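> Quick one, what's the 3D model for this:
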Amino acid sequence: PAVREADRRIASAKGLSAGTGSLLRVRLGDASMREDLTGGAVPLVATAPADDTAETITAYDSHGRAHTLDARKVPQLPVYVVDIDVSKALAAGLGVLRTEFAKHGVATPRPQSRQTAGGWWSTRVTSVELADDEESWVKGDAEVYTLVTGFGLDGKVRVDTVDMPYLNSDGVVYYPNQILVNWSNYKYNLADVVMMEDDGDTNYQALAQALTTALLTITDQGAYIPLVNAVLAAIPTSWWTDDPDYVDSWYTLARSDSGRRNGAAGNGWMTVEPYFVEQF
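Numbers count the residues shown, from 1 in each chain. Modelled structure (predicted):
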């Protein structure tokens, strides 16, 4: 009963429905600890800190004694971490965002007439790297997603969500060949990209409400208006205090862009290319 109640409260805190299922998990703090664990070392137990800037964490041994560990340096002893299954939460959370965006008209499906004969143009990410995904060893892999914004065909601001589950570690170049922008959804040949990360504290209902409230006040003036600043301004203030959920942003990505584009915050880069998606 206590675990079920904890799961219910976690789902509620993240703006998810009770039907999301269990979000609590126990995992090994780092893959390098497996060797020590199989060697017979007695593991410590810790909880992932809410504060991403924490320099130390407290872990407990089998006798209940507290041990202070460096949050930035993987310890020599194996550590079990009790935290949230962020991958599962992100999948459910992106569903919440899409539902809310559609409800408020900021993710209106494109009319069939908008499609180019035989398919549609997109921007595809061929490679991407983050300098810092803001995650310490105790927080586990990053769970990154991207908000693509621009003006839809109806003249209203549009937001599309793109899951990037492969972006697990900073300093690693990934080659996803992933479609980032479907240009048939947009009025102009420009869009903005804001990359975010769920480190366990994201409330998707609050994020959706904040974004729709802010973006629906912006009207099409007949020329493209960059929307990154509006997205960043809409992010709840508390998220900037201890938890850097914002990763990086790319202003005015053009449909014709090809090659490397550095993020405005200097925390990441990606190479992109125009890609025509053919229809069968």
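> And the residue of the chain positioned farthest from its centre, how far from residue 79?
For the chain, the C-alpha farthest from the mean C-alpha position belongs to residue 63; by C-alpha atoms, centre = their mean, that distance is 37.6 Å. As judged by C-beta to C-beta, to the nearest Å, residue 63 and residue 79 stand 16 Å apart. To be clear about C-beta, it is placed using only N, CA and C from the backbone, and glycine gets the same treatment.
> just residue 168 next, same as before
19 Å.
> Quick check: nearest residue in space to residue 188, chain neighbours excluded?
residue 224 (4.5 Å; C-beta to C-beta, 6 or more residues apart in numbering).
> just checking, the one you found is part of a helix?
No - with DSSP: H, G, I helix; E, B strand; the rest coil as the criterion, residue 224 is coil rather than part of a helix.
> State the phi and psi torsions of it.
Residue 224 adopts backbone torsions of phi -70, psi 140, taken as degrees, to the nearest 10.
> try residue 125
Per degrees, to the nearest 10, the backbone of residue 125 is at phi -90, psi 120.
> mind checking the end-to-end distance for stretch 234-249?
14 Å (C-alpha to C-alpha, to the nearest Å).
> Do a quick rundown of the strands in the stretch 151-280 of the chain.
157-164, 178-182, 190-197, 246-254, 259-262, 268-278 (DSSP state E, counting those that start in this stretch).
> Bridged to the closest residue to residue 252 other than its chain neighbours, which residues?
Counting by C-beta to C-beta, 6+ apart, residue 252 lies nearest to residue 190, which is 5.0 Å off, once chain neighbours are set aside. Counting by DSSP bridges, residue 190 forms beta bridges with residue 254.
> ok, residue 190 - contacts?
Shown in contact with residue 190 (C-beta atoms under 8 Å, 6 or more residues apart in numbering): 150, 224, 252-255.
> repeat that with 6 Å
Counting by C-beta atoms under 6 Å, 6 or more residues apart in numbering, residue 190 touches 224, 252, 254.
> re earlier: I figured the residue nearest to residue 188 was touching residue 189, is that so?
No - the criterion here is C-beta atoms under 6 Å, and residue 224 misses it with residue 189 at 8.3 Å.
> For the nearest residue to residue 151 once chain neighbours are set aside, give its distance to residue 247.
Leaving aside its chain neighbours, residue 151 sits nearest to residue 187 (4.6 Å; criterion: C-beta to C-beta, 6+ apart). According to C-beta to C-beta, residue 187 stands 27 Å off from residue 247.
> quick one on the thing from earlier: just name the most buried of the strands of the stretch 151-280 of the chain.
Stretch with highest mean neighbour count among these: strand 190-197 (a mean of 25; mean count of other C-beta atoms under 10 Å).
> related to what we said a few turns ago, residue 168 and residue 79: which is more packed in?
residue 79 (24 against 16; other C-beta atoms under 10 Å).
> Tell me how many other residues crowd residue 170.
Count around residue 170 with other C-beta under 10 Å applied: 16.
> distance of it from residue 197?
From residue 170 to residue 197 the distance is 11 Å (C-beta to C-beta).
> Equivalent analysis for residue 33, please.
From residue 33 over to residue 197 (counting by C-beta to C-beta), the distance is 23 Å.
> quick one: the longest helix along the chain to strand 190-197, angle?
Secondary structure of the chain per DSSP state H: the longest helix is helix 86-103. Helix 86-103 and strand 190-197 are oriented at 140 degrees to each other (axes from the mean of the first three to the mean of the last three C-alpha atoms, to 10 degrees).
> What are the boundaries of the helices in this protein?
With DSSP H as the criterion, the chain has helices at 2-13, 34-38, 86-103, 204-215, 228-234.
> Which one of the ones you listed lies nearest to residue 68?
With C-beta to C-beta as the criterion, residue 68 lies closest to helix 34-38 of the helices of the chain, at 18.7 Å.
> pLDDT of the closest one, averaged?
For helix 34-38, mean pLDDT rounds to 81.
> do you know how far the residue nearest to residue 48 when sequence neighbours are not counted is from residue 26?
Excluding the flanking residues, the one nearest residue 48 by C-beta to C-beta, 6+ apart is residue 83, at 3.8 Å. Taking C-beta to C-beta as the measure, residue 83 falls 8 Å from residue 26.
> Between the two, which has more neighbouring residues?
Shown here are residue 83 and residue 26; by other C-beta under 10 Å, residue 83 has more neighbours (20 against 9).
> beta partners for the more buried one?
In beta-bridge terms (that is, DSSP bridges), residue 83 pairs with residue 25.
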